[in-house]
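> predicted model and sequence follow; I will ask about them next.
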Amino acid sequence: MRLIPVFAAVLILATPALAAKKPPPPPPLPAGTVVVTDLGVKTKCAEEDNVYASVAAPGVRGFQVTASHPAYAKDLKADNYKADFTDCGAFSGAKDFKFSPRTRVLYEDADVKIVGVTYGGYWRPEVVEVEVAGVQDRGFHLLQLFIKHGEDVQEALVLHAADGYWRLRPLPLPQFGGAVYGSSFLVGPVEESTRPYVRIRKVTIDPKALSFHLDYARGGAADLRVVRIDHEQLKMAVSLTPPVKKGPFLALRSMYVAEDNADTAELHVTGEHGRNLPAVGFGQAQGTAFRFSRSVVSRHNTSAPDLAFDSFER
């Protein structure tokens, strides 16, 4: 009979115990704290969304997002929002899914106007249900909210319903007739494809309350309501029901080539270890609030707003 050496027997017996060991779970985050993770890449193309920050924390039920003019805005004499395809190479412009283009005014009164737009082609196949003040429709890729002040009508925010991207901007600076968009963000269960997206099943808009209710394809819902809109800020309160169980509940996309050629250039993190970081390459940061901004005048989308996220609640 062949004998197993003692040391080999001990090794065989010890292996299952070692394999069963798991690393301890990470310590819980302090109240109001979220983790911001850098998923961006460097680029030389000013038309590429290379800034990508995802935000996660267990149990977050609500927060606020604020769009405000950059710090240098009051001194601006000119605004540049022309496309710049220098160093961009060739864009295919492929639209994988075809639609019948149309535009419809879904609601209008003395204070607001809401418009739905369907493009001829889009990268996502989702057909989202839309309800505005009892009017039902479907299939819009873009929903626009316009704010009226007499004869002055300004677009304040847009939701790309088919992939979940939001863009906000305050009312324009006094020296300009209009405002410019820059960074965009996602709210809800973020998924990955050629770029991140959120699948929305239905959007319900209350024009009087300036509120948007989102039902997600993966389950759960969100409510976003405009709580301030003027020539300084557009602020929205966001609630998630229930909180996103796994993965990021928020993400930001933007463009950065250089400090003077960016839609956003800096990440300011508020917390125990508050830090100012580059918009691309910051790795990971924890804090109770964060803001993507610019302090150097940009030649691209010069007046595009900063975006701040805070008041995270569990």
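Received it, and whenever you're ready, just let me know what you need. Residues are numbered from 1 along each chain as shown.
> low pLDDT regions in the stretch 1-150 of the chain?
The model of the stretch 1-150 of the chain has pLDDT under 70 over residues 1-21, 23-26, 90-94.
> where do the helices sit along it?
Using DSSP state H, counting those that start in this stretch, the helices found in the stretch 1-150 of the chain span residues 6-20.
> got the residue ranges for the strands in it?
34-38, 51-56, 62-68, 97-98, 102-108, 112-118, 121-122, 129-132, 135-138, 142-149 (DSSP state E, counting those that start in this stretch).
> other SSEs contacting the second one?
Spelled out, that is strand 51-56. Other elements packing on strand 51-56 under the criterion 3 or more Cβ pairs under 8 Å, 6 or more residues apart in numbering; DSSP states H and E are strand 34-38, strand 250-254. Quick note: C-beta positions are derived from backbone N, CA and C, even for glycine.
> same thing but 10 Å
strand 34-38, strand 184-187, strand 250-254, strand 284-287, strand 289-293, strand 306-313 (3 or more Cβ pairs under 10 Å, 6 or more residues apart in numbering; DSSP states H and E).
> of all the strands of the stretch 1-150 of the chain, which one comes closest to residue 300?
strand 51-56 (12.6 Å; Cβ to Cβ).
> now that closest one - C-alpha only, PDB.
This file holds the C-alpha atoms of strand 51-56, laid out as PDB (Å, rounded to 0.1, in the frame of the first residue of the first chain):
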ATOM      1  CA  VAL A  51     -14.600  62.400 -19.200                       C
ATOM      2  CA  TYR A  52     -16.500  59.600 -17.400                       C
ATOM      3  CA  ALA A  53     -17.100  59.600 -13.700                       C
ATOM      4  CA  SER A  54     -19.400  57.100 -12.000                       C
ATOM      5  CA  VAL A  55     -20.900  57.600  -8.600                       C
ATOM      6  CA  ALA A  56     -21.900  54.800  -6.200                       C
END
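> TSV for the strands of the stretch 1-150 of the chain, including distance to residue 285?
Supplementary listing: those in TSV, determined by distance: least, Cβ to Cβ, whole Å:
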stretch	distance to residue 285
strand 34-38	5
strand 51-56	9
strand 62-68	16
strand 97-98	37
strand 102-108	39
strand 112-118	36
strand 121-122	33
strand 129-132	36
strand 135-138	40
strand 142-149	31
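> compare the ones you listed and give me the one nearest residue 290.
strand 34-38 (5.7 Å).
> list the pairing partners of the closest one within its sheet, with orientation.
Sheet pairing of strand 34-38 (DSSP bridges) gives strand 51-56 (antiparallel), strand 284-287 (antiparallel).
> buried residues in that strand?
Residues 34, 36-38 are the ones in strand 34-38 that count as buried (16 or more other Cβ atoms under 10 Å).
> starting at the chain centroid, how far to it?
13 Å (Cα atoms, centre = their mean, to the nearest Å).
> I'd like the numbering to begin with 4 instead of 1 from here.
Yes, from this point I'll number from 4; that puts the last item at strand 37-41.
> okay, now the closest residue to residue 162 other than its chain neighbours: neighbour count?
In this structure, residue 162 finds its nearest non-sequential neighbour in residue 146, 4.6 Å apart by Cβ to Cβ, 6 or more residues apart in numbering. Residue 146: 22 surrounding residues under other Cβ atoms under 10 Å.
> okay, strands next: where are they in the stretch 204-317 of the chain?
Using DSSP E, counting those that start in this stretch, strands in the stretch 204-317 of the chain cover 214-219, 224-232, 236-244, 253-257, 259-261, 264-265, 269-273, 278-281, 287-290, 292-296, 309-316.
> for those, which has the smallest mean pLDDT value?
Ranked on mean pLDDT, the bottom entry among the strands of the stretch 204-317 of the chain is strand 278-281, at a mean of 89.
> starting at the chain centroid, how far to that one?
Counting by Cα atoms, centre = their mean, strand 278-281 comes out at 19 Å from the chain centroid.
> list of residues touching it?
39, 41, 43, 54, 259, 262, 268-272, 285-286, 288-290, 293-294, 296, 298 (Cβ atoms under 10 Å, 6 or more residues apart in numbering).
> could you do stretch 76-86 as well?
Counting by Cβ under 10 Å, 6+ apart, 49-50, 72-73, 173, 175-185, 235, 297, 300-309 sit against stretch 76-86.
> my read: residue 181 touches residue 306, true?
Yes. The pair residue 181 and residue 306 passes the contact test of Cβ atoms under 10 Å, sitting 9.2 Å apart.
> intersection of neighbour lists for the two?
Shared contacts of residue 181 and residue 306, counting by Cβ under 10 Å, 6+ apart, come down to 82, 84, 172, 175.
> out of those, which are buried?
Applying 16+ other Cβ under 10 Å to these flags 82, 172, 175 as buried.
> identify, from those residues, the entry nearest to residue 224.
Residue 224 lies nearest to residue 172 out of these, by Cβ to Cβ, at 25.2 Å.
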